[in-house]
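*Asks:* structure for this input, please:
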Amino acid sequence: MRVRKQYCSIGLRMVRGVGCALVGFASGFVGPSVDMASAASAETLVIDATTATGWNRYFGRPIADAPEPVRGFGFTTIGKYNPDSDTPIPLRRHMSKDTLITNFFDPGFLEGFPVPPEAIHLALDNVPLRNFPTNDDASGISRRSVPGILSAEQTELSQAEPSDPVTLGDWMKARGRLEATCDENGRGHARIIATNLLPNRFYNVLEWFNYDRPSPFIVVPGMLGGVPDAVVSDENGNALFETDMNHCLPQSPDEASPSVNVLLVYHTDQRSYGGVPMTPLDPMQPRYAGEVGSVHLYFPTTGRRLVPAQKGAPSCDEVYLPDAELTITPPISPAIGRANFVIAGQKTPAMATVKFLAPPQPLGVDGRMSFFATIRYDFGKGNVLQAKVDGTLTPAGQPGVFRNNGNITYHGGSGIYKKAFGRFKATGTVSFADLKVSMQGRGMVCNRLIGRHHGSKHHRPGKNVHRPGHDHGNSSRHGHWREEGERVERAHQAHVAG
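*Replies:* Numbers count the residues shown, from 1 in each chain. Just a heads-up that it's a prediction; the model follows:
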C-alpha cells in the first residue's frame, strides 16, 4: 500500500517518535518508528542495529523489506573460510561461533549494480579478514598482507593488534544504536554508538538512498554527514560517531531520494576512498562490496523489518560537570579533588585523580603548552571510570595561571563503568602558583552497565510487530521471520527477472 505523503512531513517530524509511528501504522505501512525503531523521546528516533552478514543480509536472508524497487535486494559480504579452495563457503546460522570468516563477493551484488563482469576480480576472495592485503606504496597499486605490530620489526609495515583470525563469534558480538534528531528547519543530527566491533579497526558510515533520478543502480550511496565518514574502533571494539545531516530520519518513500539504511562498514584493507564506498586506483585490484568492505551493523531506516535487532544495544548518557576543584601534589602530579558530575540528570559526585604523563610542553613563543594526562573518577562502591586527556594550557594573564582546554576520552574502568566509553570537553584553569585545578564541561558516557538504557523509552509494539532488541535465533518459533524473508527474496528475484 502506498504511504500517504504526510507520513513523515516536517510537521510530524517534530513528534516523530509518536507521530510517524501512528501514521505509518494507520496507513498499513509498518513505519520505522514502530517496527524498526523506538523513540527515546518525542524528538529522538532510535534504531537498534542488526548485526549483519551483508547488505540487507542476515545469513542469506533479507533484514528488511524496503519500498520499491529495493524490496528484498541485498548481498552477502562475509563467508566461511575455505582452506581447500579459492572460493569461500556461504555462512549458515547453525555454524559454530569458532568458524573462521573471510571476505565474500556475492553475485547478487550485480543485480543492483550492473558493473561489467570483467571489473570483478576475485583473486583476493576467501582471505581471512585480518590477512587481507593493504596498500604498501604511494601508487595505490601494490598491496600485501602485514603482520601485527607486536611481531613486526620497528620500521616494518604492520597492523594494530589484535591481528589474529576473526571468527563468526567475534563478528556477531557487535551491537549498535543509531540516534537521530531533527530541527525545525529539516536538518538532522545522527549519533551512532557501537560496541564489540573488531578492535582497533577502520570503519566508515554510509547512508544509502532510493534514488529518484534515472540511474543504472538500484540504490546510491552517501557518506553519512559528508566526508570524512570514518571511525576507528578503540582497543575494546567501541566506537562513537556523530554528524550533522541535511535531512531528517525517518523519511517517507514519497520524498525525494529517501533513505533506505545506514551502515557501519568494516574495511578489510584499512583505508578510506573519500566520497565513494570503495574504488582503488588500479582497475585490477579488488574494489567492490564483499571484496574490500563488509557490512557489520545494519540500521534500516525505511520499510518493514524482517530480522529483529539483537539484544544489548548500547546507549549514552549526557554528562555535565558544573564544577570540579583539585589540588596538585608538588611538583606537578597528581592532582586530587572532587568532581560534581551530573549524569543522566542525576547528581553523581566522584573523587578525581589526574596524573600528568609528562610536564606540559611549550607549543610556541606565546606561552601556550600542551599536556597529556590520565584521569581516574571514583564514584564509590567499586564504580570507577578511567579516562585519557589531551589539551592545551594558555596563559591567563597572571603569573603561573593558565586557561585549560582539554579533550577527555573515557575508556572503561570497573563496576558499572567496566565497559563504558565516551568523550568530554573540559575547560577551566590551572594555577601552578597555588597548585589548584578547576574544571567544567559537557560530554557523554556510553555503555554504563546499569541494567537499563537511560533516556530510551521504547514504543510498545503491537502483537504483530517484532519487538526491537529481540534476538533472532534459529528455533522454530522464528520460522515466520525466515518464511517472510524467503517470500520477499522470491518477490525481488521475480522483479529482477521481470
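*Asks:* low-confidence ranges in this protein?
*Replies:* Applying pLDDT under 70 to the chain flags residues 1-42, 117-124, 139-141, 252-254, 271-291, 451-498.
*Asks:* domain assignment for it?
*Replies:* 5-81+166-314+464-497, 316-446 (automatic domain parsing).
*Asks:* any chance of the ones you listed in a markdown table, plus mean neighbour count?
*Replies:* For every residue, glycine as well, the C-beta is placed using N, CA and C. Below are the domains of the chain laid out as a markdown table (neighbours: other C-beta atoms under 10 Å):
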| stretch | mean neighbour count |
| --- | --- |
| domain 5-81+166-314+464-497 | 20 |
| domain 316-446 | 17 |
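*Asks:* would you tell me which of these gets closest to residue 138?
*Replies:* Proximity to residue 138 (C-beta to C-beta) singles out domain 5-81+166-314+464-497 among those, at 10.5 Å.
*Asks:* roughly how far apart are residue 160 and residue 240?
*Replies:* 18 Å (C-beta to C-beta, to the nearest Å).
*Asks:* same check on residue 73?
*Replies:* 30 Å.
*Asks:* end-to-end on stretch 73-88?
*Replies:* 21 Å (C-alpha to C-alpha, to the nearest Å).
*Asks:* same check, this time on stretch 77-92
*Replies:* Note: stretch 77-92 ends 13 Å apart using C-alpha to C-alpha.
*Asks:* pull the residues that contact it.
*Replies:* Contact with stretch 77-92 is made by 53-55, 57, 59-60, 76, 95, 99-104, 106, 122, 125-126, 128-129, 165, 168, 171, 289-290, 293-295, as judged by C-beta atoms under 8 Å, 6 or more residues apart in numbering.
*Asks:* recalculate using a threshold of 6 Å.
*Replies:* Contact partners of stretch 77-92, identified using C-beta atoms under 6 Å, 6 or more residues apart in numbering, comprise 53-54, 59, 99-102, 104, 126, 128, 289-290, 294-295.
*Asks:* what's the answer for stretch 350-359, then?
*Replies:* Contacts for stretch 350-359 (C-beta under 6 Å, 6+ apart): 332-337, 339, 372-379.
*Asks:* contacts only, for residue 258.
*Replies:* By C-beta under 6 Å, 6+ apart, the neighbours of residue 258 are 210, 251, 302.
*Asks:* now, these that are in strands?
*Replies:* Taking DSSP state E, every one of those sits outside strands.
*Asks:* tell me how far residue 165 lies from residue 200.
*Replies:* 15 Å.
*Asks:* before we move on, what about residue 142?
*Replies:* 24 Å.
*Asks:* how about residue 397?
*Replies:* With C-beta to C-beta as the criterion, residue 397 and residue 200 are 42 Å apart.
*Asks:* ok, residue 210 next?
*Replies:* 35 Å.
*Asks:* can you check residue 398 too?
*Replies:* Counting by C-beta to C-beta - residue 398 and residue 200 are separated by 43 Å.
*Asks:* and if you look at residue 424?
*Replies:* 22 Å.
*Asks:* equivalent analysis for residue 317, please.
*Replies:* When residue 317 is compared with residue 200 (using C-beta to C-beta), they lie 25 Å apart.
*Asks:* now residue 56
*Replies:* For residue 56, the distance to residue 200 - C-beta to C-beta - is 28 Å.
*Asks:* residue 334 too?
*Replies:* 28 Å.
*Asks:* ditto for residue 126
*Replies:* Distance from residue 126 to residue 200, by C-beta to C-beta: 24 Å.
*Asks:* then residue 377?
*Replies:* From residue 377 to residue 200 the distance is 24 Å (C-beta to C-beta).
*Asks:* what does residue 311 give?
*Replies:* For residue 311, the distance to residue 200 - C-beta to C-beta - is 25 Å.
*Asks:* do residue 132 as well
*Replies:* 15 Å.
*Asks:* now swap in residue 97 and tell me
*Replies:* Residue 97 is 21 Å from residue 200, by C-beta to C-beta.
*Asks:* need the contact list for the residue sitting furthest away from the middle of the chain.
*Replies:* Ranking residues of the chain by C-alpha distance from their mean position (C-alpha atoms, centre = their mean) puts residue 399 at the top, at 45.2 Å. Under the criterion of C-beta under 6 Å, 6+ apart, residue 399 has no neighbours.
*Asks:* quick check, it in a strand?
*Replies:* No - assigned with DSSP: H, G, I helix; E, B strand; the rest coil, residue 399 falls outside any strand and is coil.
*Asks:* how far away is it from residue 329?
*Replies:* Residue 399 is 21 Å from residue 329, by C-beta to C-beta.
*Asks:* isn't there a helix covering residue 171?
*Replies:* Yes - assessed with three-state DSSP, residue 171 lies in a helix.
*Asks:* helix/strand/coil for the closest residue in space to it that isn't next to it in sequence?
*Replies:* Spatial nearest neighbour of residue 171, chain neighbours left out: residue 101 (5.9 Å); criterion: C-beta to C-beta, 6 or more residues apart in numbering. Here residue 101 is strand, with the state taken from three-state DSSP.
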